[in-house]
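Q: What would the 3D arrangement of this be:
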Amino acid sequence: MNKDFTFSVKSLSFDENYQPADNTRITTNFANLARGESRQENLRNALRMIDNSFNALAHWDNPKGDRYSVELEIISVDMDIEGSGHSFPSIEILKTNIVDHKTNECIEGIVGNNFSSYLRDYDFSVRLLDHNKDQASFSIPDNFGDLHGKLFQHFVNSTTYRQNFKKPPVICLSVSDNKIYRRTENQHPVLGFEYQPNESSLTEQYFKKMGLQVRYFMPQNSVAPLAFYFFGDLLNDYTNLELISTISTMETFQKIYRPEIYNANAVAGNCYQPDLNNQDHSVTQIVYDREERSKLAIQQGKFAEEHFIKPYQTVLEQWSADYA
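A: This next block holds a predicted model:
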C-alpha cells in the first residue's frame, strides 16, 4: 500500500511580493501577513525583524550587525494517494537560507520551522470538537493523531524528502498558556536556558506521534521560551547559524501573533506561566486578525474531511493499519 502514496514538493519565495497560493491554509503565519491593505508593509516589516534578530544572535565577527540576512522558502508538500494524479495539500513548512554578505555565500538553513497541515485542523477543529460536544468532561478520541503522525513520518522518511533536504526538520512553536515552565541550569550558547514543563500537553503528544521530541529553550534577547520539536539531537545535529535562522524566524512570527507572551515587557523568570491576557506587552506594527484565524481553522478542518478523510477513508485506514 505504501507505494501508492507519492509526495511532491514545491517551493516559493517568501518575500515582500509573496502572494498566498489558492490551496495554502490562510491561517498559516506567513499567509496571514500577506493579506489586506498593509500586506507589503507587513511582509517588509516581518522580514526586517527576522534579519535584525538573526544579526543580534550571530554577533561574532559582525561589528555592524548587518552581516547576515535570512531568505525564506515556503515548501508545499502535496500527496497523491492512489497514483491518480489528483493530490491533496498535505503540509506546508518553511525553509531558511542564510546569506553571508561578508563572504557572499548562501548557507542552507533548517527546514520545518512553521508547521501547517489541513489534517491537523481536521483533528483539532473538527474531530476533537465533535468528540467533546456532549461530553461532561474533556477527553481525547481513540487513535487521535495516529494517521497524521504516520503520514508525516512517511514523508520525512521518503526519497522525496531526502532528495530535497539534507537534515531532518525542526519545528518551532509557542509555549502553552496552561502549563508552568521551570528554568534549568542547562544553557546552550545559542538556544539559551532550557525550561521544563510541569506536564505534557496535547500538542506534545500529537507531535510525538509524528516522531518528534520536544525541548524548551529561551534564547538570549528573548522574553519567553520557545518549543523546539525535532528528531535526533537538537543541540548537536545543527550548527549555530542553522539554529539562529529558526529562532529569528519563528520568534518574529510569535511576536506578531502572541505579543502577550513573546513581546511582553517582563522577561520569564525561573518559574514561568505564559499569560495570553497579559496587558504589559508591546504590539508590532503588523496587522493580524487572531479571531478570524480560529474560525478559519474549522473551515479548513472541514475541507480536509470533505476532500481527504471521507473520499479516501478505506484506503487510509488500511494504509494506517499496515504502516510499520
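Q: The stretch 1-150 of the chain: strands as residue ranges?
A: Taking DSSP state E, counting those that start in this stretch to define them, one finds strands in the stretch 1-150 of the chain at 6-14, 68-80, 87-100, 105-117.
Q: now those strands as JSON lines including distance to E317, mean neighbour count and mean pLDDT?
A: (Glycine included, C-beta is placed from N, CA and C.) Conversion of these to JSON lines gives the following (distance: least, C-beta to C-beta, whole Å; neighbours: other C-beta atoms under 10 Å; pLDDT from 0 to 100):
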{"stretch": "strand 6-14", "distance to E317": "19", "mean neighbour count": "16", "mean pLDDT": "91"}
{"stretch": "strand 68-80", "distance to E317": "16", "mean neighbour count": "20", "mean pLDDT": "94"}
{"stretch": "strand 87-100", "distance to E317": "16", "mean neighbour count": "21", "mean pLDDT": "94"}
{"stretch": "strand 105-117", "distance to E317": "19", "mean neighbour count": "21", "mean pLDDT": "94"}
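Q: The spatially closest residue to H86 that is not a sequence neighbour: what's it in contact with?
A: In space, H86 comes closest to D80 once its chain neighbours are excluded; the distance is 6.8 Å by C-beta to C-beta, 6 or more residues apart in numbering. By C-beta atoms under 8 Å, 6 or more residues apart in numbering, the residues touching D80 are 5-8, 86-87.
Q: repeat that with 7 Å
A: 6, 86-87 (C-beta atoms under 7 Å, 6 or more residues apart in numbering).
Q: Show me where this protein dips below the pLDDT cut-off.
A: 1-4, 21-32, 34-36, 287-294, 324 (pLDDT under 70).
Q: Now R44. Nearest residue, chain neighbours left out?
A: Nearest non-adjacent residue to R44 (C-beta to C-beta, 6+ apart): E16, at 4.9 Å.
Q: Which residues are in contact with that neighbour?
A: Per C-beta under 7 Å, 6+ apart, neighbours of E16: 40, 43-44, 47.
Q: And Q19, how close does it get to E242?
A: According to C-beta to C-beta, to the nearest Å, Q19 stands 28 Å off from E242.
Q: who has more neighbours, the two?
A: Set Q19 next to E242 and count neighbours by other C-beta atoms under 10 Å: E242 wins out with 18 against 10.
Q: any idea whether the more buried one is helix, strand or coil?
A: What DSSP: H, G, I helix; E, B strand; the rest coil gives for E242 is helix.
Q: Assumed F308 was part of a helix.
A: Yes - counting by three-state DSSP, one finds F308 located in a helix.
Q: At which residues are the helices of the protein located?
A: Counting by DSSP state H, the chain has helices at residues 29-33, 39-57, 118-121, 128-132, 146-156, 159-164, 202-209, 234-237, 240-257, 259-262, 290-304, 313-322.
Q: Quick one, which of these gets closest to N104.
A: helix 240-257 (15.3 Å; C-beta to C-beta).
Q: Residues contacting the closest one, please?
A: Here helix 240-257 has contacts from 29, 46, 49-50, 53-54, 57-58, 70, 72, 94, 96, 98, 107, 109-110, 113-114, 170, 172, 174, 189-191, 219, 222, 226, 262-263, 284, 286, 288, 290, using C-beta under 7 Å, 6+ apart.
Q: Ok, stretch 46-54 next?
A: Contacts for stretch 46-54 (C-beta under 7 Å, 6+ apart): 16, 33, 68-70, 244-245, 248-249, 251-252, 256, 286.
Q: of all the residues you listed, which comes closest to N178?
A: Looking across those and measuring by C-beta to C-beta, the closest to N178 is E251, at 21.2 Å.
Q: State the distance from that closest one to K295.
A: Distance from E251 to K295, by C-beta to C-beta: 26 Å.
Q: For these two, indicate the residue with more neighbours.
A: Between E251 and K295, E251 has the larger neighbour count (other C-beta under 10 Å), namely 24 against 12.
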